[in-house]
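S.K.: Quick one, what's the 3D model for this:
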Amino acid sequence: MYGRMIAYASSVLGDRSLAEEAVQDTFCIFCVKAETTLRHENPQGWLMRTLQNVMRNMQRHRAAASRLIMQSLQTERLEELLVYDEEDVELLYGDLAAHADFQLLKRVVLDGCTMLEAAQERGITVEACKKRIQRLRAHLKRKLSDP
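M.R.: As a prediction, this is how the structure comes out:
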């Protein structure tokens, strides 16, 4: 039964590790409700139905998390997205953008610098500063949403 459940979950979820997690969760539910489940007229059918529900919930949670990430990237205030340890920001996102532009984004978003201040520091116009940040946000959005 376990092998059949893994094969089914793998085909639905498209990922063996997610499938194993779903099947393990299903068996945990089975153990919690063992008395009633074993008295059920079709315990194997109950297991498969429970697996379907577990997978549906997993997909729902993953879709919600993905939507949250995409909404956060679309907000005008990136600091809502970045709960950070400043040293880790470089590690996580530094390779996704040109170094100078990334420093500009960090200065505006994390340090709370205004666009005018950031533009003056770099010797560019406010419009150029806004455009660079807009391009970088779009670049990060593309990179973070790619599988």
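S.K.: which residues of this structure score low on pLDDT?
M.R.: For the chain, the stretches with pLDDT under 70 are 71-100, 144-147.
S.K.: Domains in it, by residue range?
M.R.: 2-74, 78-145 (automatic domain parsing).
S.K.: Could I get the ones you listed in CSV, plus columns for mean neighbour count?
M.R.: The way it works is simple: take the backbone N, C-alpha and C, and place the C-beta from them, glycine included. Output for the domains of the chain, formatted as CSV (neighbours: other Cβ atoms under 10 Å):
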stretch, mean neighbour count
domain 2-74, 14
domain 78-145, 14
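S.K.: The longest helix seen in the chain: how far from the chain's middle?
M.R.: When the chain is parsed with DSSP state H, its longest helix is helix 43-74. Here the centre of helix 43-74 is set off from its chain's centre by 13 Å, with Cα atoms, centre = their mean, to the nearest Å.
S.K.: what do you get for stretch 40-54?
M.R.: Put simply, stretch 40-54 sits 29 Å off its chain's centre (Cα atoms, centre = their mean).
S.K.: Same check on stretch 112-127?
M.R.: Mean-position distance between stretch 112-127 and its chain equals 31 Å (Cα atoms, centre = their mean).
S.K.: From one end of that stretch to the other, what's the distance?
M.R.: Distance across stretch 112-127, first residue to last, is 18 Å (Cα to Cα, to the nearest Å).
S.K.: quick one: contacts of it?
M.R.: By Cβ atoms under 8 Å, 6 or more residues apart in numbering, the residues outside stretch 112-127 that reach it are 104, 107-108, 128-130, 132-133.
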